[in-house]
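[1] My questions concern the predicted model and sequence given below.
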Amino acid sequence: MKISNNAVVKLHYAVSDSEGTLIDSSYDHEPLNIIQGTGYLIPGLEQALDGREAGDTFEVDVAADLAYGERFDEYVQTVPKAVMEGVDDLQVGMQLRATTDEGEQTVIVVEVTDEEITVDGNHPLAGIDLHFDVEILEVREATAQELEHGHVHSEKSEEDGCGDSCGCDN
Ligand SMILES: [Zn+2]
């Protein structure tokens, strides 16, 4: 079966930046289970999966605009520390939830001074061209329930519906 929208795909991937530095890999843990076409994966990777089948291995370069988007300098903001009242021990690299013009957003602390804190609301991989090594392990049709929930159910939960393991509230 070839991959098309609403196919459940089990895959391994390793992703690195354009200089070959490894960013993340599923080979260290469990393969990824996704429903093609739901936007769970970045657009460039979904495009690359289309038409592939189990057993395929391939490499693909995904430019930033089809990965996590471009970086926006205006997402980097410096605010008085007092704004972050209630957050103890502010440190560079911490992730915080912040209310911005765009709504609730995760920001990363990039600088802390005595008076001010600078946060970056860009995705950590924004503006970075990515290189993927992909191995397709399994392709099957999604069940009606999986499509309804928008996520893949494990083999175990398939029998008794949406089990605890799928992390779904339904
Ligand atoms: Zn579910």
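    Nice, thanks for sending it over.
[2] Report the distance from stretch 129-142 to the chain centre.
    Offset of stretch 129-142 from its chain centre (CA atoms, centre = their mean, to the nearest Å): 14 Å.
[3] same question for that stretch, mean pLDDT?
    Mean pLDDT, stretch 129-142: 97.
[4] Wondering if that stretch reaches the ion at all.
    No: judged by CB under 5 Å from the ion, stretch 129-142 stays clear of the ion, getting no closer than 11.3 Å. C-beta coordinates here come from the backbone N, C-alpha and C atoms, glycine included.
[5] could I get that stretch in CSV with only the CA atoms?
    Written as CSV, here are the backbone C-alpha positions of stretch 129-142 (Å, rounded to 0.1, in the frame of the first residue of the first chain):
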residue,chain,number,x,y,z
ASP,A,129,16.9,23.9,6.7
LEU,A,130,16.6,20.2,7.7
HIS,A,131,17.8,16.9,6.3
PHE,A,132,15.9,13.8,7.0
ASP,A,133,16.8,10.1,6.8
VAL,A,134,13.6,8.2,6.8
GLU,A,135,12.7,4.5,6.9
ILE,A,136,9.1,3.4,6.3
LEU,A,137,8.3,0.5,8.5
GLU,A,138,4.5,0.0,8.0
VAL,A,139,1.7,1.5,6.1
ARG,A,140,-2.0,0.7,6.7
GLU,A,141,-5.4,2.3,6.4
ALA,A,142,-6.5,4.4,9.4
